[in-house]
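[1] sequence plus the predicted model coming up.
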Amino acid sequence: MTNILVFMATGKKRETQKIAQNLLDKRLVACANIYGPVESHFWWQNKIEKAGEFLAPRFSPYQLLRVFNLTWND
């Protein structure tokens, strides 16, 4: 089985924790790490912005990617 590494970033630690718990409860990931806050720099509405975010890398089987993406937004 092929595994993938997916990175997600959120603006609030509690939001990241809720997503991690949801993915763990559904057994879509075996481990959920949370790092941060980190400083992110990005383009938004035609200008460069920066913000504090929490990074959450996730390992998941490739076959579960579609379910993973749907669950992410629950």
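    Thanks, I have the structure now. Residues are numbered from 1 along each chain as shown.
[2] counting by contacts, list what the longest strand along the chain packs against.
    Longest strand of the chain, by residue count under DSSP state E: strand 47-61. Helices and strands touching strand 47-61, by 3 or more Cβ pairs under 8 Å, 6 or more residues apart in numbering; DSSP states H and E, are strand 3-10, helix 13-25, strand 35-44. Quick note: C-beta positions are derived from backbone N, CA and C, even for glycine.
[3] between it and strand 3-10, how many degrees?
    140 degrees (axes from the mean of the first three to the mean of the last three Cα atoms, to 10 degrees).
[4] sorry, back to before: out of the helices and strands packed on strand 47-61, flag the one nearest R66.
    Closest approach to R66 among the helices and strands packed on strand 47-61 (Cβ to Cβ): strand 3-10, 11.7 Å.
[5] run a quick neighbour tally on E53.
    Per other Cβ atoms under 10 Å, the neighbour tally for E53 reads 20.
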